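Novice: Dropping the sequence and predicted coords here.
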Amino acid sequence: MNKYLTALKNKVCSVCVDSDHDGICRLSEHEVCAVEKYHSQIVEVVHSVDSEDLQEYISALRKNICTLHCRMNEENNYCYLREDANCALDRHFPLIIETIQQVDKYDLSVQ
């Protein structure tokens, strides 16, 4: 499994409301976790931004994942999952950024 996905599952799934107390996802077979589904694109988004401003990361997320791959309506910037606080990607994005940056930092220290 990809090092980023492994780290994201360890950090995000353990606190996600869609997981049980062991961090195992409880979404039904008809639901898909955006963090897992788009993890490669999420890593690209995080790597594309170099800023202390969380809003810059969020803007890149909306532009490159939400509007292109997910359910967000680009015309009015509306996503029913996000509005209902039902998108794990949106709900945990600061932790996701931190996790990806920690993986990168660890990789640099190993080299």
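Specialist: That came in fine, so what should we check first?

Novice: Do you have the strands of the protein handy? List them.
Specialist: Along the chain, no segments are classed as strands by DSSP state E.

Novice: Do a quick rundown of the helices in it.
Specialist: 3-11, 34-37, 39-48, 54-61, 67-69, 80-83, 88-91, 93-110 (DSSP state H).

Novice: Using JSON lines, lay out those helices together with mean pLDDT and distance to residue 28.
Specialist: Glycine gets a C-beta too; all of them are placed from N, C-alpha and C. Shown next, in JSON lines, are the helices of the chain (pLDDT from 0 to 100; distance: least, CB to CB, whole Å):
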{"stretch": "helix 3-11", "mean pLDDT": "91", "distance to residue 28": "18"}
{"stretch": "helix 34-37", "mean pLDDT": "84", "distance to residue 28": "14"}
{"stretch": "helix 39-48", "mean pLDDT": "94", "distance to residue 28": "20"}
{"stretch": "helix 54-61", "mean pLDDT": "93", "distance to residue 28": "25"}
{"stretch": "helix 67-69", "mean pLDDT": "73", "distance to residue 28": "21"}
{"stretch": "helix 80-83", "mean pLDDT": "64", "distance to residue 28": "15"}
{"stretch": "helix 88-91", "mean pLDDT": "82", "distance to residue 28": "14"}
{"stretch": "helix 93-110", "mean pLDDT": "87", "distance to residue 28": "23"}
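
Novice: Deepest-packed of the ones you listed, please.
Specialist: helix 88-91 (a mean of 22; mean count of other CB atoms under 10 Å).

Novice: Which elements pack onto that one?
Specialist: With contacts taken as 3 or more CB pairs under 8 Å, 6 or more residues apart in numbering; DSSP states H and E, helix 88-91 sits against helix 34-37.

Novice: That'll do, ta.
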